[in-house]
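Q: Got a predicted model here, sequence first, then my questions.
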Amino acid sequence: MIKDLNEIFKSYESFIGTEVTIQGWIRNHRKQKDFGFIDLNDGTCFETLQVVYGNNLDEFDDIQKMHIGSAISATGKIVASPKEGQKIEMELLSIVLEGDCPEDFPIQPKRHTREFLREQAYLRPRTNLFGAVFRVRSIAAYAIHKYFQDNGFVYFHAPLITASDCEGAGEMFQVTTLPIDKINEEVDYSKDFFGKMANLTVSGQLEAETFAMAYKKVYTFGPTFRAENSNTKTHASEFWMIEPEMAFCDLEGDMDIMEDMLKYVVKYVLDHAPSEMDFFDKFVENGLKDKLNKLINSNFVRIDHKDVITILKEANVKWEFAPEYGEDIAKEHEKYITEYFGGPVFIKNWPKDIKAFYMKQNDDNETVAAVDLEVPGAGELIGGSQREENYEKLVARMKEMNIEPESMDWYLNLRRYGGCVHSGFGMGFERLLIYLTGVDNIRDVIPYPRTPKNCEY
């Protein structure tokens, strides 16, 4: 009977003494004169199964020639393993070579650098590190969907091609069918495919707000794109975003959902990927599990931006970037604040002049009801705000920021056609994965990273 390793390892005692067939790939092959050991992984779990064979098998010589990376079907008896740290192994009865592999297979059983493995991105899921990373990515994605579905949110598919720039930064990839070699600054977009300038989306927020006004609670979870020429460890040109929008919800309610969702997802991953998380804790970031468990059990601090700046100014620290009222905070400030409070911190009510046009303007006319969640070891993880529900204030703010109200009349009309207090937030999925795994480069938590000068596969 053909079985997955995941099923066998979950209830290994019940399989001892039974004959099974495992289909997978050779991770390692250690050969002796009269016997050998094959480490077999089938991709259904983190663990590998040791397959033991001897020269009593007719195909012994053929087995000894099998290469690392080859696909095989191994049939044998599951037995208790005498090897320390290994509960079971297979005594091989027969084997079928399903797909051979040459000796120059790039993923050999030795330590490879992450930079090298990025060059072999189509093979790196066969390593322990990336096998664990991308399984956690799958589990975390499911946990996000499960949280929102269980809490009455409607899953909304935001368009990937859009005519609006949610962030107003202009760093967007243009979509066109016009001949590239003939395009100049005098482009006639009426002749383009959509009859206007179109781009890949930087956020599904604005469209999600329209659905929140019908379903009350919605969320997006999909790819977004930024044409930002940045080569840092946390930036990519294509990445995934989780963006909920909630009607009849103010900033305090927004923070409640952020905290509840994050704790749920972190706990779900710890509970459902124990082997992977043990691996990360041991080989990638020592203390990772303690960090995550502490977050689950923390009460997130909520503090105004101006009070954060006061704390930073009064700190006995020589800053590389001096903290100032009315300005953004740097990575060193984020780190200090989470250490100061000993856990995650919501920084709220930010200066209006450094935030987006759609954020709710506070009565002081200097700040907006925006919030960033800072977490220990990662800094900013989530950003959100109460959205401006007042039509006149929103129009005035758009004009201040040189955004033509006429180009977004559909968005403004939400305030005219039964508008209400509403809020939302955005969380970069890859930033969450960096936090969950300890793998500190966004290129290593997304299957095929798209970054400046890099679009392989």
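A: Perfect, I can see it now.
Q: What segments of the stretch 51-200 of the chain are strands?
A: Ranges of strands within the stretch 51-200 of the chain are 71-80, 88-99, 154-155, 161-162, 174-175, 198-200, based on DSSP state E, counting those that start in this stretch.
Q: Looking at those strands, spot the one closest to residue 182.
A: strand 174-175 (14.6 Å; CB to CB). C-betas here are computed from N, CA, C, even on glycine.
Q: which residues are contacting that closest one?
A: Strand 174-175 has contacts (CB atoms under 8 Å, 6 or more residues apart in numbering) with 161, 193-194, 197-200.
Q: closest to residue 234 out of the strands of the stretch 51-200 of the chain?
A: Closest to residue 234 of those is strand 198-200 (CB to CB; 19.7 Å).
Q: and the one helix or strand residue 398 maps to, what does it pack onto?
A: Assigned by DSSP states H and E, residue 398 belongs to helix 391-400. The contact analysis (3 or more CB pairs under 8 Å, 6 or more residues apart in numbering; DSSP states H and E) places helix 391-400 against helix 409-416.
Q: quick one: average pLDDT of the helix it packs on?
A: For helix 409-416, mean pLDDT is 95.
Q: what's the angle between that helix and helix 391-400?
A: 150 degrees (axes from the mean of the first three to the mean of the last three CA atoms, to 10 degrees).
Q: Helix 409-416: which residues count as buried?
A: Of the residues in helix 409-416, 411-412, 414-415 count as buried by neighbour count, 16 or more other CB atoms under 10 Å.
Q: same question, stretch 441-448
A: Of the residues in stretch 441-448, 441-446 count as buried by neighbour count, 16+ other CB under 10 Å.
Q: same check, this time on stretch 293-302
A: For stretch 293-302, by 16+ other CB under 10 Å, it's 295, 298, 300-302.
Q: Same question for stretch 224-235.
A: For stretch 224-235, the neighbour count (16+ other CB under 10 Å) marks 224-226, 228, 234-235 as buried.
Q: Over to stretch 207-224 now: how far is its first residue from its last?
A: Start-to-end span of stretch 207-224 (CA to CA, to the nearest Å) is 13 Å.
Q: can you give me how far that stretch is from the chain middle?
A: Averaged C-alpha coordinates place stretch 207-224 at 19 Å from its chain's average position (CA atoms, centre = their mean, to the nearest Å).
Q: Same question for stretch 421-437.
A: In this view, stretch 421-437 has its centroid 8 Å away from the chain centroid, taken as CA atoms, centre = their mean.
Q: now do the same end-to-end measure for it.
A: Between the opening and closing residues of stretch 421-437 lies a distance of 36 Å (CA to CA).
Q: Stretch 37-53 too?
A: End-to-end span of stretch 37-53 (CA to CA): 7 Å.
Q: thinking again about what came up before, now, which of the buried residues of helix 409-416 sits nearest residue 287?
A: Nearest member of the buried residues of helix 409-416 to residue 287, counting by CB to CB, is residue 411, at 44.6 Å.
Q: surely that closest one meets residue 209?
A: Yes. The pair formed by residue 411 and residue 209 meets the contact definition of CB atoms under 8 Å, at 7.3 Å.
Q: sorry, back to before: quick one: which of the buried residues of stretch 441-448 sit in helices?
A: With helices taken from DSSP state H, there is no overlap with the buried residues of stretch 441-448.
Q: Which two of these have the greatest separation?
A: Pairwise over the buried residues of stretch 441-448, using CB to CB, the maximum falls at 441 and 446, 9.9 Å.
Q: Taking the buried residues of stretch 293-302 together, which two end up most distant?
A: 295 and 302 (15.5 Å).
Q: now the helices: where do they sit in the stretch 251-400 of the chain?
A: Secondary structure of the stretch 251-400 of the chain, counting by DSSP state H, counting those that start in this stretch: helices at 251-272, 274-283, 288-296, 305-314, 331-341, 391-400.
Q: Next, format the ones you listed as JSON lines and append mean pLDDT and distance to residue 1.
A: Compiled in JSON lines, the helices of the stretch 251-400 of the chain are given as follows (pLDDT from 0 to 100; distance: least, CB to CB, whole Å):
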{"stretch": "helix 251-272", "mean pLDDT": "98", "distance to residue 1": "26"}
{"stretch": "helix 274-283", "mean pLDDT": "98", "distance to residue 1": "24"}
{"stretch": "helix 288-296", "mean pLDDT": "97", "distance to residue 1": "36"}
{"stretch": "helix 305-314", "mean pLDDT": "97", "distance to residue 1": "60"}
{"stretch": "helix 331-341", "mean pLDDT": "95", "distance to residue 1": "51"}
{"stretch": "helix 391-400", "mean pLDDT": "95", "distance to residue 1": "64"}
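Q: In a markdown table: those, plus distance to residue 26.
A: Compiled in a markdown table, the helices of the stretch 251-400 of the chain are given as follows (distance: least, CB to CB, whole Å):
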| stretch | distance to residue 26 |
| --- | --- |
| helix 251-272 | 27 |
| helix 274-283 | 20 |
| helix 288-296 | 30 |
| helix 305-314 | 54 |
| helix 331-341 | 43 |
| helix 391-400 | 60 |
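Q: Please name whichever of those helices is nearest to residue 149.
A: helix 251-272 (11.9 Å).
Q: For the closest one, which residues meet the burial criterion?
A: Quick answer for helix 251-272 (16+ other CB under 10 Å): 251, 254-255, 257-259, 261-270.
Q: Pairing partners for the worst-scoring helix or strand of the chain on mean pLDDT, with directions?
A: Every helix and strand of the chain was ranked by mean pLDDT, DSSP states H and E. The lowest is strand 174-175, at a mean of 91. Using DSSP bridges, the strands paired with strand 174-175 in its sheet are strand 198-200 (antiparallel).
Q: for the strand it pairs with, the distance to its chain's centre please.
A: Offset of strand 198-200 from its chain centre (CA atoms, centre = their mean): 23 Å.
Q: Next secondary structure element downstream of that strand?
A: Immediately after strand 198-200, counting by DSSP H and E, sits helix 205-215.
Q: which residues are contacting that next one?
A: With CB under 8 Å, 6+ apart as the test, helix 205-215 has contacts from 154, 156, 158-159, 162, 164, 166, 218-220, 243-247, 358, 387, 408, 410-411, 414, 417-420, 422, 424, 426.
Q: Filter these down to just the buried residues.
A: Members of the contacts of helix 205-215 classed as buried by 16+ other CB under 10 Å are 156, 158, 162, 164, 166, 218-220, 243-247, 358, 387, 408, 411, 414, 419, 422, 424, 426.
Q: helices and strands around the helix or strand hosting residue 218, which ones?
A: If you go by DSSP H and E, residue 218 is part of strand 217-225. On a contact count with 3+ CB pairs under 8 Å, 6+ apart, strand 217-225 meets helix 128-150, strand 154-155, helix 205-215, strand 238-247.
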